[in-house]
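Peer 1: Need the 3D shape of this:
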Amino acid sequence: FSLYSLMKDCQTEKQRLYFACYRLHTLIGSAIFSKYIIDKEVDYMEVKTTLPEIFDEFGEARQQGFLAVKEMKKNGQPVVGVYCTFMPEELVLAAGAIQISLCSPSDETIPDAEEDLPRNLCPLIKSSYGFGKTDKCPYFYFSDLVVGETTCDGKKKMYEYMAGFKDLYLMQLPHNRDTVASKQLWYSELVAFKEKLEDYFDVTVTEDAIRQAIHLKNRERIAKQNFYRLGQLNPPAIAGSEIFKVMYGAQYKFDKEIIATLEETTAKVKAQYLAGLRLDDKPRILVTGSPIGGVTEKVIRAIEENGAIVVAFENCTVAKAVEKLVDETQPDVYQALTDKYLQIGCACMSNNQPRKELLSQMIDDYQVDGVIDMVLQNCIPFSVESLQIKRYLQEEKQTPYMYLETDYSTADVEQINTRVAAFIEMLAVTV
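Peer 2: Residues are numbered from 1 along each chain as shown. Okay, the predicted model is just below:
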């Protein structure tokens, strides 16, 4: 093949360019490749092969993904926007579309949202609505269809307003996962969603296509598991901020190569760890609670700048929705999806035993010294459930626990630092 023509074709898509360069770098050797780059005077080219560069690329994925989605839309790619990990991506993929997370972790558009919504509402809801209302989020703009869900009353009512300016489909999520009626409801909602996708995009969604999508997403989940389980290494291999950066950015990489990229990144970390490159031994923190990302990463920074390290994230961006796979041996694909998604341990569900079970497993597997429960202001499900989690961790797991409430502003950064530092100091005495 022509190396020059390959690079020339890639220039319009930075992410594909990076990946092609990395592949060529590994195939023909860094010396030859570097000489070719110099000879062809393509000094704009970047080859990301070191771990910090790879982590930074994942960190930039949300912004860089705008360009990828724009190109996909130009080529006729259907796009479905969602706000929750309960949404069955396998059905979207089987319909020939891509699914994009629309949660907006910034306070930029909250004043616009508060023109329509109450001020004392969860900042995630206000931010998501504000970015949609003002059309400041390219992912929202490029979404053909937005799919909401009845996880909490605030989001459910917010979707009624959003439907006024965007095509929106609402899935009725049961609030109890254990009853026969709840399972039947979610099963019927999955079938109805499949029919909605068929009607909206004028396609036929076959069970074979759903099975292929299930297999693909399971492969991706396993690759993600293997990466974030690097946090089990003791002493640590990488910082929790780096684990989160990769997991958050992985949501905005829209091709199958994300699996290979995750596998290669995991292998690099393990190789450096075996070579003796390790972090200092520090108190090991697990973060749980409301969705985290964007401005709320201030909590991760507070932990790691005050003498501890985050080794595990139970939140939905990392383990909560990834830990369990879809059963590929189940002959009924809708039943397989029902069983998997109803086991996501979200506080919107009554009798949230799966969350406790996952926390228990992760505390043991990651050798956790303390748990910080980050809850967004006015996030009623996680706020009310926090007492159960506190009692469970202290009484059943004998694990120190701290409740930390915050919002999408930076006004409480110093307060967070003070509280987190005191918690870590207490752990350092007991560890």
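Peer 1: who does the nearest residue to V92 once chain neighbours are set aside bridge with?
Peer 2: Among residues not flanking V92 along the chain, Q99 sits closest, at 4.3 Å (Cβ to Cβ, 6 or more residues apart in numbering). Yep, even glycine has a C-beta here, placed from its N, CA and C like the rest. Note on Q99: beta-bridge partners by DSSP bridges are V80.
Peer 1: residues near Q99, how many?
Peer 2: When neighbours are counted by other Cβ atoms under 10 Å, Q99 registers 21.
Peer 1: Residues contacting the host helix or strand of V420, please?
Peer 2: Using DSSP states H and E, V420 maps to helix 413-430. Contacts to helix 413-430, defined as Cβ atoms under 8 Å, 6 or more residues apart in numbering, come from residues 283, 285, 298-299, 302-303, 305-308, 369-370, 372, 400, 402, 404, 406.
Peer 1: Which of those residues fall in strands?
Peer 2: Among these, DSSP state E puts I285, G370, I372, M402, L404, T406 in strands.
Peer 1: doesn't C379 make contact with the last one?
Peer 2: No: contact status for T406 versus C379: not in contact, 10.2 Å apart, counting by Cβ atoms under 8 Å.
Peer 1: Just say helix, strand or coil for K390.
Peer 2: For K390, the secondary structure call by DSSP: H, G, I helix; E, B strand; the rest coil comes out as helix.
Peer 1: tell me, how many neighbours does A61 end up with?
Peer 2: 21.
Peer 1: Which helix or which strand is home to the nearest residue to it once chain neighbours are set aside?
Peer 2: The spatially closest residue to A61, leaving aside those adjacent along the chain, is G249, at 3.4 Å (Cβ to Cβ, 6+ apart). Using DSSP H and E, G249 sits in helix 240-250.
Peer 1: I'd like the next helix or strand past that helix.
Peer 2: helix 257-274.
Peer 1: which other helices and strands contact the helix or strand encompassing V92?
Peer 2: According to DSSP H and E, V92 maps onto helix 89-94. Counting contacts by 3 or more Cβ pairs under 8 Å, 6 or more residues apart in numbering; DSSP states H and E, helix 89-94 packs against strand 98-101, helix 180-201, helix 207-228.
Peer 1: Give the other helices and strands that the helix or strand that comes right after the shortest one contacts.
Peer 2: Of the helices and strands lying after strand 98-101 in sequence (DSSP H and E), the nearest is helix 110-113. Counting contacts by 3+ Cβ pairs under 8 Å, 6+ apart, helix 110-113 is packed against helix 123-134.
Peer 1: what's the angle between the helix it packs on and strand 401-406?
Peer 2: On the basis of axes from the mean of the first three to the mean of the last three Cα atoms, to 10 degrees, helix 123-134 is oriented at 30 degrees to strand 401-406.
Peer 1: Can you name every helix or strand that helix 123-134 contacts?
Peer 2: Other helices and strands packing on helix 123-134, by 3+ Cβ pairs under 8 Å, 6+ apart, are helix 110-113, helix 153-162.
Peer 1: With mean neighbour count and distance to I243 added, can I get those helices in JSON lines?
Peer 2: Shown next, in JSON lines, are these (neighbours: other Cβ atoms under 10 Å; distance: least, Cβ to Cβ, whole Å):
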{"stretch": "helix 110-113", "mean neighbour count": "20", "distance to I243": "28"}
{"stretch": "helix 153-162", "mean neighbour count": "18", "distance to I243": "27"}
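Peer 1: Quick one: closest of the ones you listed to Q77.
Peer 2: Of all those, helix 153-162 sits nearest to Q77, with 22.6 Å by Cβ to Cβ.
Peer 1: taking the mean pLDDT, what do you get for the helix or strand just after the closest one?
Peer 2: Past helix 153-162, further along toward the C-terminus, the next helix or strand under DSSP H and E is strand 168-171. Here strand 168-171 scores 98 as its mean pLDDT.
Peer 1: contacts for strand 168-171?
Peer 2: 86-87, 145-150, 156, 159, 162-163, 189, 193, 196, 200.
Peer 1: Out of the helices and strands packed on helix 89-94, indicate the one that is most buried.
Peer 2: strand 98-101 (a mean of 22; mean count of other Cβ atoms under 10 Å).
Peer 1: distance of Q330 from K256?
Peer 2: According to Cβ to Cβ, to the nearest Å, Q330 stands 23 Å off from K256.
Peer 1: Which residue of these two possesses the greater neighbour count?
Peer 2: Between Q330 and K256, counted using other Cβ under 10 Å, Q330 has the larger neighbour count: 15 against 11.
Peer 1: residues in contact with that one?
Peer 2: Counting by Cβ under 8 Å, 6+ apart, Q330 has contacts A336, D339.
Peer 1: could you redo the last one with a cut-off of 6 Å?
Peer 2: For Q330, the contacting residues are A336, by Cβ atoms under 6 Å, 6 or more residues apart in numbering.
Peer 1: pLDDT score for it?
Peer 2: Q330 is given a pLDDT of 98.
Peer 1: ditto for the one 3 residues further on
Peer 2: Reading off the per-residue confidence, V333 sits at a pLDDT of 98.
Peer 1: Was I right to think it contacts E207?
Peer 2: Yes: counting by Cβ atoms under 6 Å, V333 does reach E207; the two are 5.4 Å apart.
Peer 1: helix or strand for C346, which one?
Peer 2: With DSSP H and E as the criterion, C346 is inside neither a helix nor a strand.
Peer 1: For E264, see how far away N226 is.
Peer 2: 11 Å.
Peer 1: Which residues are in contact with each of these two?
Peer 2: Counting by Cβ under 6 Å, 6+ apart, nothing touches both N226 and E264.
Peer 1: just to revisit the earlier point, around the residue nearest to A61, how many other residues sit close by?
Peer 2: Neighbours around G249, by other Cβ under 10 Å: 21.
Peer 1: repeat for P52
Peer 2: 10.
Peer 1: Could you report the separation of it from S241?
Peer 2: P52 is 12 Å from S241, by Cβ to Cβ.
Peer 1: hey, C-alpha coordinates of the helix holding G249 in CSV?
Peer 2: Provided in CSV are the C-alpha atoms of helix 240-250 (Å, rounded to 0.1, in the frame of the first residue of the first chain):
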residue,chain,number,x,y,z
GLY,A,240,-7.3,7.2,39.3
SER,A,241,-7.5,10.4,37.3
GLU,A,242,-5.9,8.5,34.4
ILE,A,243,-8.2,5.6,34.7
PHE,A,244,-11.2,7.9,34.7
LYS,A,245,-9.9,9.9,31.8
VAL,A,246,-9.7,6.8,29.6
MET,A,247,-13.1,5.4,30.7
TYR,A,248,-14.8,8.8,30.2
GLY,A,249,-13.2,9.4,26.8
ALA,A,250,-14.0,5.9,25.6
